[in-house]
Each structure stands twice: as structure tokens, then as C-alpha cells.
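Enquirer: let's see this in three dimensions:
(2 chains)
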Amino acid sequence: MTGFPVGITALIVISLLIFFGLAHRALDRMRLTDRGALAVIVAMIVGSFISLPIPGGRYPVSINVGGGLFPLGLSIYLLSRAGTAAERIRALVGAGITAVVVYAVGSLVMRGLPEPGGRYEILDALWLYPLVAGLVGYLAGRSRRAAFVSATLGLLVLDVGYYFWLVSRGAPAGRVAIGGAGAFDAIVLAGILAVLLAEVVGEVRERLQGGPVSKGRPEALLRALRKPEMATVGNGGNRIDRESPENDEGGTLK
Amino acid sequence: MTGAKSRIIWGIGLLLVGISLLLGLSVSRLTRPVWSVTTFFKEAENDHQAGVVYTVKDEQGRVISQASRRVTVGDEIFTAEGRHYRVTGVKGNTAYARYLGMDRDLLAYNEYYSHLGVPAVRMMARSTRPVGIYHTHSDESYVPTDGSESIPFKGGIYQVGEALVNRLKNSGVRVDYDRTPHDPHDDNAYYRSRRTAVKLMQNNPIAIFDVHRDGVSDPGYYQRYISNEDVAQTRLVVGRENPRMQANLDFAKRLMSYANSLHKPVVKEIFTAKGNYNQDLMPTALLIEAGTHTNTKGEAERGIALLADAVPVVLGLTGPAPGGAPKPVTDRTAGTPGSWKALGWIIALTLLGGGAFLLISAGSWDRAKSRLSDFFGREFASFFAPRRARKPDLDTAEKATETPAEGHRDPDAGEAARDHLERIRQD
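Expert: Just a heads-up that it's a prediction; the model follows:
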């Protein structure tokens, strides 16, 4: 982005820093260490410049390393590390529902002659997807990770569906570039914002009920929530009250 | 426990009631005069027959603008003369806008450019960066010429894009024209075209234009006789759901002002609408509407070609800017008030959002404050100092928690324990 005046350059640089800062916060919650999250971000930025063509189709199909492959890999990793089969199924169901809802809202409701965004354009697709995916994912799995998996896999399913739509319509031309916008693709944005949304919803809910439920929880979990000497080590998600154990606040309990 | 539960249920219930009230109110307003479940999902061609065209009026009842989209409170219009309006209310298909005065930036640009006289084009090329052009709604067509307002995958809009490309090339500008269709014509098209826009950006363009046509049913709304030609005017659209919109708006004002000083009034107005339109990708990304579907394609082609005459100078692609003219967007020393404004907004929003979240998650000012200082101590200590240096802090934290301090531990053991705890506490 050379050749722009200071104002525009500062704007671009600082908004990028904020974007990737938020991305780091979100990835931090994904069973990744601080350093791991940073590595994923760097890999996504570098991967943005690499698109792998998938041969054999009627239309050119490609998957971007930063915008498609990494989010997909991270989702699969999270699914494989899921605690229970139920958690896995909930995340996958969430992804399916996300794809359907996003299609219904973006393609059935918000279409038509009115320019530039179709009839009921209220929220741009870019911001709508994370909202839908975050809500569906959180409701389905009640966790940030489920929100992330729902958002990224849901949109990937939508892209695959688009290929079949092109085939069924016999389109004379078309291109399916999965995650083609790299680190700025809606897939990445949806994943990150869905996690942050789940975090905000989780915190508000917890605050509403006056701290996490501690009765009837496994002792190991409660001990972890108190987390005495780790207080300053983990990540931004520390919710520690240095008070009595009854009033203890911990990570989002479900 | 039951008290807490009922509080949550009450909270969620109230939230739902609020949201459904809001939705109900806005939906009933936007779906008038015809509403049924089937029309909600029906193909939108009927829309235009039902006459869903919004008329924007000022306080005196004069028509300022028409739009084929839902006009919402907060939308803004900048007319070619520099008049600035904001929509304050919508009743049926009429929107009422308040006059906010003349826009200072536009007045300044108009003043500068009016002294320019002969366009300073076709000079030595100063930059070889291309201009990217694509169509999000690739089916858009012109009824009198194409026979339909929508031709999937190969709408008449491609020829209009071609007219823009040819005119730019004639004035020595490099152009990257991406013809990828993004059908069907819906809001998800922007999700697909975002990839195209980023693909264009890989060639380091100086600006990217998304070329559309409008859906206002009155052809006369855009028809004008400008520079000895029958043309359809253009409209520039800036998305409000874009954190950096002020920068895009600044670019739109420059372009409108200079284009109108060459061929008045080839740009009808700037409309700031709900949406993002991939304009967050670049401060010089714009959406151009070339006429409406009831104009002929020829009118639209001639109109956008006139607009193209202004592009090289505004972007600083040709020759040194003549004396007295504002510096082009890409000049390193140019003032960019829009960018600073956008930057201010982004930083303010980030601080506000982060602060609100911190407060909610901490529960009180004091805890939020201590967590914040904790955060900075932790994050930056790990950058600037070896981990060992923070041991005393850890010890005080341990004392505060009233758990027996274990003294200095092996850092590796700490790492393992932390991993273990992380695993347990993650939900």
C-alpha cells in the first residue's frame, strides 16, 4: 500500500493492527497458546497470497491457504480435540444450521432489484455472517469453540453449495474461490467475530447470573477456576476473583 | 439458584421482547404496502412493479433524491452542488431528510476545480498502478436495450464496464478488469465478489470500482444532456457499515467534484447507504451506479465514460496537478481529513468496546482497573524482560489469593501445570 499520504497509511496500518489484535485474542481461546495463535495469524497472512487450484471441476475452484485452508484446519483440529462426541456433533450441527440460515437470509431475503444490496438489506453480508454464525454456534454448543467451528465450516459449506448451484444452473462462467480474500475473507472474519460474540454473550450471561455455577461441578474444574498462582500467566480470559471460593468466577462454564 | 435462574430467564425474555418489537416495527414499515409470507421470499422482479421506490424530500417538501432501495434513518446524501442531507424519518415510501448545510469539503473542492478550466489529462503518466474494475451484480441490465432488467451471468452491465475501461485506457491508465460473474443477484453476491476485489488488490491497484446500475423506475431521474451527449448520470455509493467510510467518502467527494467540473452534472449525488460493499478493503474503493434499468445502455455507457475523464487526475495518475487544485488522493503530502476522522472513529470504538467488555467481565471499576494493569504488566513484561524477572509479582499475586505460595518453581513445570489448567478450564 505504498504511495498514499500519511493519513490514509496510518488508517490502514492501525486498523490492521486492531484487526489482527482481535484475531489473536480470538485464536487464543482455541486451544492454542499465545505463541501458537500468533503463528497461525502470521501463517494466515502469508497464506493469503497462495491459492491452491482444485482441478477436475467444470468451473475454476481454488482454496486460499490463509482464508480457507487454515480456518478449515483449525476447525478440524478443534473438532478432533473436542471433549465429547456430543460436543463434536453440536458443533457440526451448528455449522449446518449456519450455512442454511446464512443462505436463507443472504440469498432468499436480501435479493432483488433495489440497489445496491437487495430488498431488505439491513446488514451487509460481511457483518451478518459472523452474527448468525456466532449466535447459532453459541446456542448449539454454548462455547466459543463451537461458535468458531460453526462460523468457518458453515461458510465453507456455503461455498461448496455455490459450486453445485453454478453446475445446476449451467452457468457460462463462474469461479469459486474458497477463502479467496485471504485473511480478510468473510470466513476468517466470521470465525473471529463469532468467537468474540460468544465471549461477550458468555460474559454477560455469567454476570447476569452472578458468577458461574459452582455447585455440583467436578472438583478438578473448580480448582482450575480458582487457579491461584496461574493468575497472571494465562491469557486475557482470566476471570479470577481473589475472594472466597464460593464467589469464585472462572472461565465460562456451560 | 432459582432466583438467579429466573433472573436470567427474565433477562432473556425481555431481550427477546425488545428485539421482536424492534423487528416488528421496522418490518411493518419496510414491507408496506404489500406484505405476505410468500412475497417475502418471492423473486424480486415484482418489487419494481409494486413501485417500491423511495422518494427523499427535504423540509420544504422538495424532492431531493429517489432510491430503489429502502431508505433508512441516518442515510446521507451529498448533492452535486454540495448540499448535505440526512434522512430523519421514513413514512411509507417517502423519506424526510434534514438539510445539514453545505458540505465544506465539497464546496472547497468545487471551488478549486471550477478554476481549472481545461482538464489536465493526457500528460505524462506518473504512476503505473492499475485501476481495478469488477461487477458484484453481474446480471444487471438495461430494459430498453437488453430487453430485461436481469440477464444472469452476462448482464448489459458488462458493456457499461467496458465503456469505463476503454475510456480509462484511452487516457493512459492501466486497467484490471475482472469479468467474474457473482450471480445470483443478492446480498451474498458481495461475499463472493469480495474475493474478486482482493484478487484485484494483489496487483496493487490505486483504486477499485464496483460498477452497478440503479433500480429507480423513472428513466428521467438520471437522463441528462451533458457535454453534447444524451447520457445517464451516475451515482456514487459509500457504505456506512464500513469502519473506514470517512476515507471512502472523502475520495467520493473529490471524484464527484472534479467530474462535475468537467462535465456538469455527470455525478448526480453521493449516497451513503447501509452496507459495506467491500469498501473496507481500500480507502479508494467505490461503488458506481451507472443510470438505472429503465435507461438505455448507450446512455449509461456515455455517462460512465464522462465520469472516467475525471479518474486519472483525482487519483494522481497523470501529470502534476495544476496549480491551485487540491492534491490527488495518492499524493503523499495531500491532506486527508477523511482518513483521520475514520481513524479517530476506529480508535474510539475499539476503546469503547474493549472498555465495556472489560467492565462487564470484571463486574466493577476496581476489578477492571486491576485487571487492566495486570494485563499490561503481563503482556509487556513478557516482551521486554525475561520471565524470571516477574517472579516477585507472581509471589504477591499468590499471597493475595491466600493460597500457600510454592516459592520459586521450575519454569517448565509451571508451563505444564498451566497447560493442564487451561485444558480443564476451557469449556
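Enquirer: pull out the buried positions in stretch B:165-174.
Expert: B:165, B:167, B:168, B:171, B:172, B:173, B:174 (16 or more other Cβ atoms under 10 Å in any protein chain shown). The C-beta positions use only the backbone N, C-alpha and C, and glycine is treated the same way.
Enquirer: now that stretch - C-alpha only, PDB.
Expert: The C-alpha atoms that make up stretch B:165-174 are tabulated as PDB, following Å, rounded to 0.1, in the frame of the first residue of the first chain:
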ATOM      1  CA  VAL B 165     -12.400   0.500 -19.200                       C
ATOM      2  CA  ASN B 166     -11.900   1.900 -22.700                       C
ATOM      3  CA  ARG B 167     -12.100   5.500 -21.700                       C
ATOM      4  CA  LEU B 168      -9.600   5.000 -18.900                       C
ATOM      5  CA  LYS B 169      -7.200   3.200 -21.300                       C
ATOM      6  CA  ASN B 170      -7.500   6.000 -23.800                       C
ATOM      7  CA  SER B 171      -6.200   8.400 -21.200                       C
ATOM      8  CA  GLY B 172      -3.200   6.100 -20.500                       C
ATOM      9  CA  VAL B 173      -4.500   4.400 -17.400                       C
ATOM     10  CA  ARG B 174      -3.700   0.800 -16.800                       C
END
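Enquirer: okay, the buried residues of stretch B:165-174 in JSON lines with distance to chain A, secondary structure and pLDDT next?
Expert: Formatted as JSON lines, the buried residues of stretch B:165-174 follow (distance: Cβ to the nearest Cβ, whole Å; DSSP: H, G, I helix; E, B strand; the rest coil; pLDDT from 0 to 100):
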{"residue": "B:165", "distance to chain A": "18", "secondary structure": "helix", "pLDDT": "95"}
{"residue": "B:167", "distance to chain A": "22", "secondary structure": "helix", "pLDDT": "94"}
{"residue": "B:168", "distance to chain A": "18", "secondary structure": "helix", "pLDDT": "93"}
{"residue": "B:171", "distance to chain A": "19", "secondary structure": "coil", "pLDDT": "87"}
{"residue": "B:172", "distance to chain A": "17", "secondary structure": "coil", "pLDDT": "86"}
{"residue": "B:173", "distance to chain A": "15", "secondary structure": "coil", "pLDDT": "90"}
{"residue": "B:174", "distance to chain A": "14", "secondary structure": "coil", "pLDDT": "91"}
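Enquirer: distance to residue A:123 for those - can I get that in a markdown table?
Expert: What follows is those, written out as a markdown table (distance: Cβ to Cβ, whole Å):
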| residue | distance to residue A:123 |
| --- | --- |
| B:165 | 32 |
| B:167 | 35 |
| B:168 | 33 |
| B:171 | 38 |
| B:172 | 40 |
| B:173 | 35 |
| B:174 | 35 |
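Enquirer: can you give me the neighbour number for residue A:55?
Expert: Here the number of neighbours of residue A:55 (other Cβ atoms under 10 Å in any protein chain shown) works out to 8.
Enquirer: state the pLDDT value of it.
Expert: Note for residue A:55: predicted pLDDT of 85.
Enquirer: now it: how far from chain B?
Expert: Noted for residue A:55: a distance of 18 Å to chain B, by Cβ to the nearest Cβ, to the nearest Å.
Enquirer: try residue A:94
Expert: Residue A:94 is 15 Å from chain B, by Cβ to the nearest Cβ.
Enquirer: thought that residue was touching residue A:148?
Expert: No - in this structure, residue A:94 is not within contact of residue A:148 by Cβ atoms under 8 Å, at 10.0 Å.
Enquirer: quick check on the two: which one has the bigger neighbour count.
Expert: The residue with more neighbours, out of residue A:94 and residue A:148, is residue A:148; 29 against 26, by other Cβ under 10 Å.
Enquirer: these two touch, right, the more buried one and residue A:77?
Expert: No - if you go by Cβ under 8 Å, residue A:148 and residue A:77 don't touch, sitting 10.7 Å apart.
Enquirer: ok, back up a step: anything in contact with each of residue A:94 and residue A:148?
Expert: Both residue A:94 and residue A:148 are in contact with residue A:137, where contact means Cβ atoms under 8 Å, 6 or more residues apart in numbering or on different chains.
Enquirer: continuing past the helix ranked longest in chain A, what's the next helix or strand?
Expert: If you go by DSSP state H, chain A has its longest helix at helix A:144-169. Next helix or strand after helix A:144-169 toward the C-terminus (DSSP states H and E): strand A:176-178.
Enquirer: which strands or helices does whichever helix or strand comes after that following strand pack on?
Expert: Once the chain leaves strand A:176-178, the next helix or strand it forms, by DSSP H and E, is helix A:186-208. With contacts defined as 3 or more Cβ pairs under 8 Å, 6 or more residues apart in numbering or on different chains; DSSP states H and E, helix A:186-208 has these neighbours: helix A:6-28, helix A:70-80, helix A:125-141, helix A:144-169, helix B:2-31, helix B:337-362.
Enquirer: check whether the fourth one comes into contact with chain B.
Expert: Yes - Helix A:144-169 comes into contact with chain B when judged by Cβ under 8 Å from any Cβ of the partner chain, the residues involved being A:144, A:145, A:158, A:162, A:165, A:169.
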